[in-house]
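K.L.:
build me a structure from this.
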Amino acid sequence: MTISIPTKNGTLTIAECQVHAVLRRADESAMRLAETLKAMGFLPEDGEGQQATFPAGFLLELSAVLQLAAWEYKDQRHHIDAGLPCFDEAAEDLKNRAETAPADFHQLASATLHKRVLSFCLENISWQGLDYLGTDVFVGEIDEEALLDGLAEFLWANRRQLSNQVPSRGNEL
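P.N.:
Model prediction:
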């Protein structure tokens, strides 16, 4: 199933699995953001009491910075190779922007890092990695010869175990 969205540049067709991936990533980001805001004392633990309010643009940018931190905590730095900032740079930039022009965050267009991180995710991370493996699975260009060599080595090394899994045709591996 696909979803079609009319735009001024024509119809944008999106696969259902991509829509699900964006929703899943938004859910993960919201949970990470809520945990961070609670840990910092901006959201009450019990859901009762005074809550801080932040502009949507700031929250989107903070969620992007937290995503960078999550990747780097797992020693996944593919985003840096793709031109995204490291966590420290992004956090410092967000702090400076919040201090010098906090009103800018009232515009969603101010969430430029968030857009870049989401785009990176859609282009470089398996859309279903979080669902099936509970973590981001980075994908990219593959050296087909190296893949085939590795697969051949795996199959040869495991030929006895695999022969029990494959229906017999009278040929032994």
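K.L.:
look up how far Ala21 lies from Asp27.
P.N.:
Per C-beta to C-beta, to the nearest Å, Asp27 is found 11 Å from Ala21. All C-beta atoms are positioned from the backbone trio N, CA, C, and that covers glycine.
K.L.:
and if you look at Gly10?
P.N.:
Here Gly10 is placed at a distance of 23 Å from Ala21 (C-beta to C-beta).
K.L.:
which of Asp27 and Ala21 has more neighbours?
P.N.:
Neighbour totals were compared for Asp27 and Ala21, and Ala21 leads with 20 against 11 (other C-beta atoms under 10 Å).
K.L.:
what does the helix of greatest length in the chain contact?
P.N.:
For the chain, the helix with the greatest residue count under DSSP state H is helix 16-39. Outside helix 16-39, the residues that touch it by C-beta atoms under 8 Å, 6 or more residues apart in numbering are 1-3, 43-45, 52, 59, 62-63, 66-67, 70, 118, 121-122, 127-128, 130-131.
K.L.:
tell me which of those fall in helices.
P.N.:
Cross-referencing these against helices under DSSP H gives 59, 62-63, 66-67, 70, 118, 121-122, 130-131.
K.L.:
which one (most neighbours) among these?
P.N.:
In terms of neighbours by other C-beta under 10 Å, these top out with Gln67 at 26 neighbours.
K.L.:
and the nearest residue to that residue once chain neighbours are set aside, how far from Leu60?
P.N.:
Nearest residue to Gln67 in three dimensions, chain neighbours excluded: Val117, at 5.5 Å (C-beta to C-beta, 6 or more residues apart in numbering). Between Val117 and Leu60 the distance is 9 Å, computed by C-beta to C-beta.
K.L.:
so between the two, which is more surrounded?
P.N.:
Taking other C-beta under 10 Å, Val117 and Leu60 do not tie; Val117 has more neighbours (26 against 23).
K.L.:
hmm, Ala69 and the more buried one touching each other?
P.N.:
No - taking contacts as C-beta atoms under 8 Å, Val117 lies outside contact range of Ala69: 11.5 Å.
K.L.:
average pLDDT across the host helix or strand of Glu145?
P.N.:
Assessed by DSSP states H and E, Glu145 sits inside helix 144-157. Here helix 144-157 scores 88 as its mean pLDDT.
K.L.:
and if you look at stretch 85-103?
P.N.:
For stretch 85-103, the mean per-residue pLDDT is 96.
K.L.:
likewise stretch 29-37?
P.N.:
When pLDDT is averaged over stretch 29-37, the result is 94.
K.L.:
before we move on, the earlier item: pick the one among the ones in helices among the contacts of helix 16-39 closest to Phe105.
P.N.:
Proximity of those to Phe105 (C-beta to C-beta) peaks at Leu59, which lies at 8.3 Å.
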